[in-house]
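Q: Output the structure for:
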Amino acid sequence: GEICAFKIHGQEMPFEAIVLNKTSGEGRLRAKSPIDCELQKEYTFIIQAYDCGSGPGGTNWKKSHKAVVHIQVKDVNEFSPAFKESMYKASVTEGKIYDSILQVEATDEDCSPQYSQICNYEIVTTDVPFAIDRNGNIRNTEKLSYDKQHQYEIMVTAFDCGQKRATEDVLVRVNVKPVCKPGWQDWNKRIEYRPGSGSIPLFPSIHLETCDGPVSSIHTTIELQTNYIGKGCDRETYSEKSLQKLCGASSGAIDLLPSPSTTTNWTAGLLMDSNDMIFKFDGKQGAKIPDGIVPKNLTDQFTITLWMKHGPSPGLRAEKETILCNSDKTEMNRHHYALYVHNCRLVFLLRKDFDQADTFRPAEFHWKLDQICDKEWHYYVVNVEFPVVTLYMDGTTYEPYLVTNDWPIHPSHIAMQLTVGACWQGGEVTKPRFAQYFHGSLASLTIRPGKIESQKVISCLQACKEGLDINSLESLGQGIKYHFNPSQSALVMEGDDIENINQALQKVSYINSRQFPTAGVRRLKVSSKVQCFGEDVCISIPDVDAYVMVFQANEPKITITGMDHFARPAAQFESERGVILLPDIRIVSTVTKMEHSVDLREHDRVNKQVVVEEMLHNLDFCDVLVIGAELDPEQECLELDHGELQGKHLDATNSTAGYSIYGVDSMFSYEQVLRQLRYRNWGASATSDRKFRVKCSELNGRYTSNEFNLEVNILHSSNSNFMDHVNHMIFQPKFLQSVQHPEGSVSAVHGSVVPSVATMVIIICVSILVLVVTLGVLRLRSARQHGSLEHEGTKDNEMDWDDSALTITVNPMEKYEKPHQTEEESEEEDIDDEEEDTTSAESDDSEEEEEEEEEEEVIVQKGDKQNATRQEQLEWD
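A: Next up, the predicted model:
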């Protein structure tokens with residue numbers, strides 16, 4: 001009647017049933033080991049109850065009916081969510097909003113839906129334009145930009161429904177792809193150019209992206225914008241005279257806007273940019289050209305050249321703006337010839353006199369050009385070959401669109417006034433004054449009477465020294481057409497094949513042939529048009545905006561050296577050839593560079609080294625100026641054989657103030673010419689010395705040399721033979737040193753250190769000389785006393801030797817190097833011999849004695865008064 005056991009039927013169920021009360025049959029079902037829901041969520045098995053009536057072997061037990069037991073395991077939230085991937089990647093195209101960029105997914109190993117489901121995802125990274133929903137879909141909240149950010153990295157986490165967070169967040173990497181934009185790729189905005197670099201490629205890696213468009217042809221224009229550099233581009237800044245000589249122009253051009261100086265002072269009151277020789281006229285200024293500068297009769301052939309920068313005229317009714325005008329000085333207001341701007345038209349007026357023509361003749365020539373008022377620099381040449389007048393603007397020929405005729409001017413004796421920047425109104429007003437002022441900038445205004453210029457010379461005069469270039473034209477791809485404008489500031493290329501166009505553009509380079517280019521920025525613009533098959537224009541190519549940065553060149557230091565003092569007998573100056581002034585002149589240019597030290601350990605404090613290098617460049621003028629009173633043309637002059645200028649780009653002008661050699665040529669050519677310059681003085685008796693100053697320039701005074709001073713002594717004594725010997729011995733410097741002074745000037749001075757051995761030799765020589773002279777005086781005295789005893793004093797007055805007047809001081813302290821000691825000694829002995837001969841000659845001739853009593857002083861060598869020690873003097877009494 002009791003229940004003794006419960007038995008579970010099934011395969012190794014992890015449960016057991018125990019009897020709690022045999023009488024009541026109450027029992028308990030329990031787990032034999034820990035139950036894991038994740039291994040098995042539920043169990044089903046059969047259980048039976050057994051009574052206690054079991055016999056031997058248990059075979060007699062009675063058992064109950066079978067009962068089915070169903071157990072569900074209740075879940076515990078023991079696991080955290082985990083993402084399926086260690087990292088997620090996605091790519092998006094910029095400029096689009098996506099509903100879903102990608103989906104992240106996390107799982108939870110818990111068995112129950114409550115704890116095994118992921119209820120929420122969250123972006124951990126702050127301030128990113130992304131959001132995520134409950135299903136793990138990530139989207140962007142704003143349009144992405146490739147230029148702003150190429151890639152985003154965001155961290156994402158997950159939560160299960162029991163709000164248990166994932167133990168590890170996952171990285172999501174979103175790459176932003178640029179929208180395929182047609183255009184030029186792989187080019188640098190800044191291109192650096194150092195002087196002397198030659199031709200450098202502008203875009204060595206550039207290529208065109210067409211986004212797989214069916215391109216049939218490409219048209220590309222490259223522009224170099226230099227209108228703000230100098231006069232429209234980088235040109236040589238030499239004077240107009242020098243440039244015309246360099247370009248082979250006819251001589252005789254008269255510069256009407258020269259640099260202000262003592263001889264060309266009419267431009268002194270004008271506004272001027274000295275670097276580029278540009279004169280600015282603000283409508284209030286004019287300049288009078290002095291009489292005699294330009295001949296009154298220009299003949300039927302003449303040329304006017306100028307650089308002009310001019311904008312639209314202010315006001316509704318624009319007045320005439322005079323560039324050049326030749327009008328009556330007083331009484332009347334007649335314009336004989338003029339060049340002016342009126343309503344953006346260039347007008348040239350030429351009125352003939354009645355004695356030149358007596359019929360109705362062409363008088364006004366009008367040109368209408370957009371460039372006259374575009375506020376840019378242009379080069380104008382007016383070639384007059386009466387009655388035909390031709391205008392060249394930037395090397396291109398333009399015929400006048402309007403020519404008006406007029407009667408010749410009646411002859412009168414009224415003087416004419418030539419002006420620049422305004423016209424002189426001599427009549428019809430109470431007081432003569434300027435009128436018709438010019439507004440703009442002018443430069444290099446010249447007039448050449450009697451000749452006109454050729455097209456070749458005009459092109460040379462306005463040529464730019466910088467521009468675009470193509471490296472290795474022969475390697476351009478097949479089918480590439482290209483065209484340069486005359487100044488090579490613009491290049492047009494056309495082609496059918498993209499790859500060939502890419503290679504052609506990679507060969508486009510910038511070149512500046514100036515040795516000292518104008519530093520600054522040159523802007524570059526590349527514009528392109530693409531045509532597709534069957535369409536006019538299919539895709540738009542953005543312009544390329546870049547710039548070339550031209551660096552400043554190292555400034556040269558021009559140094560003139562040579563013999564700075566000599567004396568010659570008057571006879572040599574009076575000869576037909578005169579005396580060569582600068583026989584050994586030397587012109588050297590150096591440049592100072594700073595170099596960084598390679599080994600910083602050795603140069604901890606000083607990591608820069610100053611390196612001085614000699615460099616070669618041209619000069620554009622050298623002036624030999626007279627210091628003091630000007631030359632007297634009645635008795636002296638500077639001369640140069642003009643044959644010396646042949647084969648060189650040089651010319652020369654001579655005046656009483658000095659000699660000027662100008663033209664663009666090498667320093668060596670200038671040396672050759674200067675070494676042939678002679679000084680003649682056929683009235684030498686009135687002159688004892690002359691001083692000259694030599695100064696050279698490059699780029700019209702942008703770089704100037706030191707002032708080299710030369711002193712010339714003219715000897716009038718009868719001892720010219722002796723002085724020739726002294727000149728030969730002393731005045732020829734044995735060596736020259738370049739000495740740098742604090743002010744930066746460089747002068748050639750003699751070496752200031754005399755070797756000690758040389759000093760001893762000189763002292764010994766002087767001692768011997770004094771001893772010989774003393775012995776000579778004693779012998780002469782004893783001879784005189786002996787003679788007076790024999791002749792009883794009858795000839796005392798005749799043969800009296802006054803030793804008080806005898807003062808012989810020879811100072812051979814000329815500074816030489818050690819190797820020249822032997823030569824010095826031998827020359828000193830020669831002087832001793834000559835002195836003894838002269839002494840004996842004095843005792844024989846009383847008239848010579850009186851002449852020799854006159855003291856003469858010869859200045860042997862004089863260097864720079866500020867920087868060199870004053871040279872010793874040689875006195876001969």
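
Q: Buried residues of stretch 163-171, list them for me.
A: By neighbour count on 16 or more other Cβ atoms under 10 Å, the buried set for stretch 163-171 is 164, 166, 169-171. For glycine as for every other residue, the C-beta is placed from the backbone atoms N, C-alpha and C.

Q: ok, so of those residues, who is nearest Ile200?
A: Taking Cβ to Cβ as the measure, Ile200 lies nearest Leu171 of the buried residues of stretch 163-171, at 45.5 Å.

Q: How far does stretch 75-95 sit from its chain's centre?
A: Mean-position distance between stretch 75-95 and its chain equals 60 Å (Cα atoms, centre = their mean, to the nearest Å).

Q: How about the contacts made by Arg134?
A: 119-121 (Cβ atoms under 8 Å, 6 or more residues apart in numbering).

Q: which residues touch stretch 144-159?
A: Applying Cβ under 8 Å, 6+ apart, the contact partners of stretch 144-159 are 81, 83, 88, 92, 94-96, 104, 106, 118-125, 128-130, 132, 136, 138, 165-166, 169-179.

Q: Select only the buried ones of the residues you listed in ChimeraX?
A: To isolate the buried members of the contacts of stretch 144-159 in ChimeraX, using 16+ other Cβ under 10 Å:
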select :81,83,88,92,94,104,106,118,120,121,123,128,130,132,136,138,166,169,170,171,172,174,176
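
Q: rewinding a little: give me the subset of the buried residues of stretch 163-171 lying in strands.
A: Counting by DSSP state E, those place 170-171 in strands.

Q: So for Glu614, what's the pLDDT?
A: Note for Glu614: predicted pLDDT of 89.

Q: The closest residue in space to it that isn't next to it in sequence is in what secondary structure piece?
A: Nearest residue to Glu614, sequence neighbours excluded (Cβ to Cβ, 6 or more residues apart in numbering): Thr590, at 5.4 Å. Per DSSP states H and E, Thr590 falls inside strand 586-596.

Q: Now do that strand: which elements does it pack against?
A: strand 556-561, strand 608-614, helix 667-674 (3 or more Cβ pairs under 8 Å, 6 or more residues apart in numbering; DSSP states H and E).

Q: switch the cut-off to 10 Å
A: With contacts taken as 3 or more Cβ pairs under 10 Å, 6 or more residues apart in numbering; DSSP states H and E, strand 586-596 sits against strand 556-561, strand 608-614, strand 618-627, helix 667-674, strand 689-698, strand 737-740, strand 746-749.

Q: which one of those lies closest to Lys7?
A: strand 608-614 (103.6 Å).

Q: what's the angle between the closest one and strand 586-596?
A: Comparing the axes of strand 608-614 and strand 586-596 via axes from the mean of the first three to the mean of the last three Cα atoms, to 10 degrees yields an angle of 160 degrees.

Q: May I have strand 608-614 exported as CSV, CA atoms only?
A: Extracted C-alpha coordinates of strand 608-614, given in CSV (Å, rounded to 0.1, in the frame of the first residue of the first chain):
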residue,chain,number,x,y,z
LYS,A,608,75.4,78.8,-43.4
GLN,A,609,78.4,79.6,-45.6
VAL,A,610,78.9,82.7,-47.7
VAL,A,611,80.2,81.7,-51.1
VAL,A,612,81.3,84.3,-53.6
GLU,A,613,81.2,83.2,-57.3
GLU,A,614,82.3,85.1,-60.3
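
Q: Could you give me the buried positions within it?
A: Within strand 608-614, judged by 16+ other Cβ under 10 Å, no residue is buried.

Q: Name every strand pairing with that strand and say which way it goes.
A: strand 586-596 (antiparallel) (DSSP bridges).

Q: Next, the angle strand 689-698 makes with the strand it pairs with.
A: Going by the same axes, to 10 degrees, strand 586-596 makes 50 degrees with strand 689-698.

Q: Report the angle between strand 586-596 and helix 667-674.
A: Going by the same axes, to 10 degrees, strand 586-596 makes 160 degrees with helix 667-674.

Q: now the longest strand seen in the chain: how far from the chain's centre is it?
A: As assigned by DSSP E, the longest strand anywhere in the chain is strand 520-532. Distance of strand 520-532 from its chain centroid, counting by Cα atoms, centre = their mean, is 24 Å.

Q: Quick one: mean pLDDT over it.
A: 91.

Q: Could you list every helix and strand that that strand packs against?
A: Using 3+ Cβ pairs under 10 Å, 6+ apart, strand 520-532 sits against strand 183-185, strand 190-193, strand 215-225, strand 466-470, strand 490-495, helix 498-506, strand 508-512, strand 544-550.

Q: ok, and what's touching the fifth one?
A: In this case it means strand 490-495. Here strand 490-495 makes contact (Cβ atoms under 10 Å, 6 or more residues apart in numbering) with 217-225, 467-470, 476-485, 500-505, 508, 525-526, 528-529.

Q: Direction included, what does it pair against?
A: Checking strand 490-495 against DSSP bridges gives partners strand 215-225 (antiparallel), strand 481-484 (antiparallel).

Q: Check which residues of that strand are buried.
A: So for strand 490-495, counting by 16+ other Cβ under 10 Å, buried means 490-491, 493-495.

Q: One more: the shortest one?
A: Neighbour counts using 16+ other Cβ under 10 Å place 183-184 of strand 183-185 among the buried residues.

Q: Who's the closest spatial neighbour of Val624, skipping the chain neighbours?
A: Using Cβ to Cβ, 6+ apart, the nearest residue to Val624 is Tyr659, at 4.5 Å.

Q: Ok, Gly196 next?
A: Going by Cβ to Cβ, 6+ apart, Gly196 has Gln515 as its nearest residue, at 7.1 Å.

Q: In contact with that neighbour: list those residues for me.
A: 195-196, 236, 465, 553, 556, 615-618, 698-699.

Q: Please save the CA atoms from the strand or helix carrying Ile8 in CSV.
A: Using DSSP H and E, Ile8 sits in strand 3-9. Taking C-alpha atoms only, strand 3-9 is exported to CSV below (Å, rounded to 0.1, in the frame of the first residue of the first chain):
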residue,chain,number,x,y,z
ILE,A,3,4.9,3.9,-3.0
CYS,A,4,8.5,3.1,-2.9
ALA,A,5,9.9,4.6,-6.1
PHE,A,6,9.4,6.7,-9.2
LYS,A,7,11.1,5.7,-12.4
ILE,A,8,11.9,7.9,-15.4
HIS,A,9,11.9,6.3,-18.8
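
Q: now for the helix or strand just after that strand, which elements pack on it?
A: Using DSSP H and E, the next helix or strand after strand 3-9 towards the C-terminus is strand 15-21. On a contact count with 3+ Cβ pairs under 10 Å, 6+ apart, strand 15-21 meets strand 3-9, strand 26-31, strand 42-51, strand 67-72.

Q: mind putting these in TSV, distance to Gly663 and mean neighbour count included?
A: Putting those into TSV (distance: least, Cβ to Cβ, whole Å; neighbours: other Cβ atoms under 10 Å) gives the following:
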stretch	distance to Gly663	mean neighbour count
strand 3-9	126	16
strand 26-31	118	12
strand 42-51	114	16
strand 67-72	114	11
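
Q: got CSV for these, with mean pLDDT and distance to Cys622 too?
A: Listed next are the helices and strands packed on strand 15-21 as CSV, based on pLDDT from 0 to 100; distance: least, Cβ to Cβ, whole Å:
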stretch, mean pLDDT, distance to Cys622
strand 3-9, 89, 127
strand 26-31, 92, 118
strand 42-51, 90, 116
strand 67-72, 92, 116
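
Q: quick one, which of these is nearest to Ile539?
A: strand 42-51 (67.7 Å).

Q: List of residues touching that closest one?
A: 1-11, 13-15, 17, 19, 22, 25, 27, 29, 31, 35, 58, 60-73.

Q: hmm, back to that, if the residue nearest to Glu614 is in a bridge, with which residues?
A: Lys557, Glu614.

Q: Just to be sure, His371 is in a helix?
A: That one is not His; residue 371 is Gln. Yes: membership of Gln371 in a helix is supported by DSSP: H, G, I helix; E, B strand; the rest coil.

Q: residues in contact with it?
A: Gln371 makes contact with 308, 310, 344, 346, 377-378, 380, 393-394, 396, 398 under the criterion Cβ under 10 Å, 6+ apart.
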